[in-house]
Structure formats: structure tokens, C-alpha cells
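>>> Predicted model and sequence below, questions to follow.
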Amino acid sequence: DAGVIQSPRHEVTEMGQEVTLRCKPISGHDYLFWYRQTMMRGLELLIYFNNNVPIDDSGMPEDRFSAKMPNASFSTLKIQPSEPRDSAVYFCASRAGRLGEQYFGPGTRLTVT
Amino acid sequence: RKEVEQDPGPFNVPEGATVAFNCTYSNSASQSFFWYRQDCRKEPKLLMSVYSSGNEDGRFTAQLNRASQYISLLIRDSKLSDSATYLCVVNKFSSGSARQLTFGSGTQLTVLP
């Protein structure tokens, strides 16, 4: 079983550049979540989708952040333009149903210089 | 006030010791509770759910006190492999009526030989 797949695993970019993070959820899971983790703020929910539809994006920090889920097997989180304070580990997670167990991907470690 | 509060630790205990972690949550309407484990530079993984009656899984015991809005995790006979960060997790329901998980900042445990 492949689990949640994220790419890239590490990304280093310069301030002002566009960054795109990718996620493939577990097959059959109808919920997909994007989280950000930092030492200061811990693990924060950014946005989540149900059946490819964004349900709650209240955690997205600014208009610089956007997320899409064009189909059931792929989602992207884009930051444009990136800033040093965006440096964090970004996790994607998926879940089957409202009450299923949530599985996390390995994360993307983003460094913005 | 944070929705989920934990003592960040670190807890440094010798092998074989018993250690307890505590967590408080602010939303009295929360309905589901969990402990997740996160190893260094890895993704969070579900350790166990927490039920009102208390539940045990091998060396791990979880307790919930709804009146005090308090959750605990007890680890008996700790092993070196128990070294990790333990995240207290509480659900909340978004406007879409789907469960969202709110994570505490985590308690770091190091088990020493």
C-alpha cells in the first residue's frame, strides 16, 4: 500500500519565487487535508477538500497561498510569491469518510531564503 | 488561549519508567480525541483514540475527563523506541459538518538507556 505521496520531499527556493507542492492521497479516500508545521505554531490546518471540493480554507494564511484538487488522486498547494516566513514542513493527509483514520504523507520541507 | 494545550516537555525518563502526559482542550463541544505520535522529521501517526471509559493498548493507557476537558496518556515500562513527540488531538466540526482535527503542540519524550 503506497500511502499518501508528497513531492518534492525537500524544496529550497529564493524569496519571491513560486512554489508548488504536490500530493497524491490514498486511493479511495474522499477527504484531503493540507497542514503546515513549524516550531512556533505547531501543526496547523490550511485547507481541506471533500470529493475534490474545497470545504474550509479558513486556515490559508494569505492570498499568496492557493490549493487545488483537480481530481481524486491529485492536489497541489501553491505559494506565489514565497517569503522566508513560509519556511515550514507541509503535510498532506487523507481520510476515508467523516470518521475514518487520517493518514499523513511524509511531508515537504520548504526553505525560503 | 490555544484550543489544545500540552506541556511541551522535554520529558527525559530512564528505560522501564512510567511516564504520563496531560492535555487540556477549550472547546467543550469536542467529541473525538486522539493521541498521535511523531518521530523526529517524520509525519504524525495515530497512536490511539481516547474514549470516555478510558482505553488501553498494551503499555499505553488513555483517559478522558470531559468535565475537566482533560486528556491523558500513560506509558508504562517505557522503551527506547518510545522516544518521540506525542500530539494530543481533538476534533471540531467545521461549517461543512466534517470532522477537523486540532493538534496540540506536542510533548517531547526521550527514553534514556
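Okay, I see it.

>>> Count the residues that sit near B:Tyr51.
12 (other Cβ atoms under 10 Å in any protein chain shown). Placement of C-beta: from N, CA and C, glycine included.

>>> Show me where chain A has its helices.
For chain A, applying DSSP state H gives no helices.

>>> Within range of chain B, give me the residues from it.
Residues of chain A found near chain B (Cβ under 8 Å from any Cβ of the partner chain) are A:31, A:42-43, A:45, A:48, A:50, A:55-56, A:91, A:98-99, A:101-102, A:104-107.

>>> Could you pick out the buried ones from those residues?
A:31, A:42-43, A:45, A:48, A:50, A:55-56, A:91, A:102, A:104-107 (16 or more other Cβ atoms under 10 Å in any protein chain shown).

>>> before we move on, the earlier item: restricted to strands, list the residues of chain A next to chain B.
A:31, A:42-43, A:45, A:48, A:50, A:55-56, A:91, A:102, A:104 (DSSP state E).

>>> Would you list the phi and psi of A:Asp57?
phi -110, psi 20 (degrees, to the nearest 10).

>>> I figured it was touching A:Phe49, is that so?
No - A:Asp57 sits out of contact with A:Phe49 when judged by Cβ atoms under 8 Å, with a separation of 9.5 Å.

>>> Name the residues contacting each of those two.
A:Ala67 (Cβ atoms under 8 Å, 6 or more residues apart in numbering or on different chains).

>>> of those two, who's got more company?
More crowded of A:Asp57 and A:Phe49, by other Cβ under 10 Å: A:Phe49, with 22 against 15.

>>> so the more buried one sits right up against A:Tyr31, yeah?
Yes - with contact defined as Cβ under 8 Å, A:Phe49 counts as touching A:Tyr31 (6.9 Å).

>>> Going by neighbour count, which residues of stretch B:52-63 are buried?
Buried residues in stretch B:52-63, counted by 16+ other Cβ under 10 Å: B:60-63.

>>> From the chain's centroid, how far away is it?
11 Å (Cα atoms, centre = their mean, to the nearest Å).

>>> Span of it from start to end?
7 Å (Cα to Cα, to the nearest Å).

>>> Then stretch A:60-70?
By Cα to Cα, one end of stretch A:60-70 lies 18 Å from the other end.

>>> Need the mean per-residue confidence for it.
Averaged across stretch A:60-70, pLDDT comes to 94.

>>> now do stretch B:10-29
93.

>>> State the number of residues packed around residue 12.
Answering for chain A, as no chain was given. By other Cβ under 10 Å, the burial measure for A:Val12, its neighbour count, is 12.

>>> my bad, the chain I had in mind was chain B
When neighbours are counted by other Cβ under 10 Å, B:Asn12 comes out with 13.

>>> what packs against the one helix or strand it maps to?
Element membership for B:Asn12 (DSSP states H and E) is strand B:11-14. Secondary-structure packing of strand B:11-14 (3 or more Cβ pairs under 8 Å, 6 or more residues apart in numbering or on different chains; DSSP states H and E): strand B:19-25, strand B:107-112.

>>> can you put those in a markdown table and add distance to A:Val4?
Listed next are the helices and strands packed on strand B:11-14 as a markdown table, based on distance: least, Cβ to Cβ, whole Å:
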| stretch | distance to A:Val4 |
| --- | --- |
| strand B:19-25 | 25 |
| strand B:107-112 | 24 |
